[in-house]
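# Provide a 3D model corresponding to the input given below.
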Amino acid sequence: AAAFTSDNTLIKFPIRSYHSTSFTKATKMQAWSCHGDSQKEMIDKLSQANIISTEMVRDLLYKVDRANYAPSSNTIKNFFGGNPTSIAYKDAPQHIGLGQTISAPHMHAHVLEEILPYLVKTFSPEEPVRILDVGCGSGYLTAAFGRWISIDRQRRGAVFGMEVQPSLLQTCKSNMDKEDGDLLESKMVRLSLGNGWEGLPEGAPYHAVHVGAAAEDYPVQLIQQLAPGGIMILPVGPNGGLQELVKIVRKGNAGAWPQDYDVTRLLQVRYVPLIQRPNN
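Residues are numbered from 1 along each chain as shown. Take a look at the predicted model:
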C-alpha cells in the first residue's frame, strides 16, 4: 500500500517512523496499562497518562459506558483476573465475534482526541456536522460521536454507523439500546449495512470519517466523501502485518486524490482487515 504526503512524497508500507499529535513517547509506554474497575477509573487513568488530553473527550467518555459494548471474555478474564464487569475496563481489545474486535480504550481515546478538537477548531457550531463511522462493530465509538453532539447544546449533526456484517450491526444496535438508545430514537445516530470501501454516499459529504478496520490500500471512493476541510482517521497496511494509522485532511474543493489531501502518519497499529463485501 502507498500514499502521498502533502509534499507529494510517496509513502510505502511498512513505515518505520511515525508521528502523533497526541501520543508522545511517554504516553505510548503507558498505553495498554490504563486499566480500571469502572468507567471513571479507566478514563481517569487515560487522562493521567495524557492519552486523553482534553476535558471535552474526558467528559464525553464518562458518559459512554464501555461495559455496555465490550462482552466479557474468559481469555481476558484468565489473563487479568477480576469480575466480568471490570473486564470491560481493561486497556485491551476484546473479540465481539466474526473475527472482529472492540479496540482497546487507549485507541478509542486517541481517535477521539484526533477528531473532535479538530472539528471544533475547523467548523463553526452553526454548521451541522456529519460523521461516518465505518466498521461500527460494537457501537462504542459510534455512540461516543453521537453523545458528543448530544451534550454540546450549540452544535447539531448526525452520526452514521456503517457495518458490513448484519449480525454485528444488530449487536451495535442492541448495545446502544442499553443506555444510549436515545441517540437512535432521535436519529442523531443512524445505522446501516454496507461496504466500507464504497462509503455511504447518501450521507456525504462528511466532516469526519473514522475507519475501524485496516485497508490494504487507500479506499479512494470513501476518502472522496470527505467534505472540504474534513478529517479521516484510517489504518492502512497489509492484513496480519504492521499497519499505519493515518490522518487524512481534505484541503481542496475538487477532492481529487491524492493532490487535494494532506496525509499525516500517526502511529503503527494492528487492526482487523476492512472487509470488501458482506459475509452472510
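# Contact partners for the nearest residue to Ala92 once chain neighbours are set aside?
Among residues not flanking Ala92 along the chain, Ala104 sits closest, at 5.3 Å (CB to CB, 6 or more residues apart in numbering). From N, CA and C alone the C-beta is placed, and that goes for glycine too. For Ala104, the contacting residues are Ala31, Trp32, Asp91, Ala92, Pro93, by CB atoms under 8 Å, 6 or more residues apart in numbering.
# swap in Gln100?
Gly135, Gly137, Gln165, Leu168, Ala213, Val272.
# Tell me which of those residues fall in helices.
Within the contacts of Gln100, residues falling in helices by DSSP state H are Leu168.
# Turn the contacts of Gln100 into TSV, columns for distance to Asp37, neighbour count and pLDDT.
Formatted as TSV, these follow (distance: CB to CB, whole Å; neighbours: other CB atoms under 10 Å; pLDDT from 0 to 100):
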residue	distance to Asp37	neighbour count	pLDDT
Gly135	29	24	94
Gly137	24	28	93
Gln165	31	21	91
Leu168	28	20	94
Ala213	30	19	93
Val272	28	20	89
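# Out of the contacts of Gln100, list just those in strands.
Among the contacts of Gln100, no member falls in strands (DSSP state E).
# Closest one of the contacts of Gln100 to Val120?
Closest to Val120 out of the contacts of Gln100 is Gly135 (24.5 Å), distances taken as CB to CB.
# Grab the nearest non-local neighbour of the closest one.
Nearest to Gly135 is Gly212, by CB to CB, 6+ apart, at 3.7 Å.
# show me the contacts for the one you found.
Ser103, Asp133, Val134, Gly135, Cys136, Gly137, Leu141, Tyr271.
# Phi first, then psi, for it.
For Gly212, the backbone dihedrals (degrees, to the nearest 10) come out as phi -100, psi 20.
# One more: Tyr206?
The phi/psi pair for Tyr206 (degrees, to the nearest 10) reads phi -110, psi 140.
# Can you give me the pLDDT of the residue nearest to Gly135?
pLDDT, Gly212: 94.
# Name the helix or strand for Leu234, please.
Element membership for Leu234 (DSSP states H and E) is strand 226-236.
# right, and the helix or strand after that strand?
That would be, after strand 226-236 and using DSSP H and E, strand 243-250.
# Give the next helix or strand downstream of that following strand.
strand 261-269.
# Convert the C-alpha atoms of that next one to PDB, please.
What follows is strand 261-269, C-alpha atoms only, in PDB (Å, rounded to 0.1, in the frame of the first residue of the first chain):
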ATOM      1  CA  TYR A 261      -5.500  15.800   0.600                       C
ATOM      2  CA  ASP A 262      -2.900  16.000   3.300                       C
ATOM      3  CA  VAL A 263      -1.800  12.700   4.800                       C
ATOM      4  CA  THR A 264      -0.200  12.600   8.200                       C
ATOM      5  CA  ARG A 265       1.300   9.400   9.700                       C
ATOM      6  CA  LEU A 266       0.200   9.000  13.400                       C
ATOM      7  CA  LEU A 267       1.400   5.600  14.800                       C
ATOM      8  CA  GLN A 268       1.900   2.000  14.000                       C
ATOM      9  CA  VAL A 269      -1.000  -0.300  14.700                       C
END
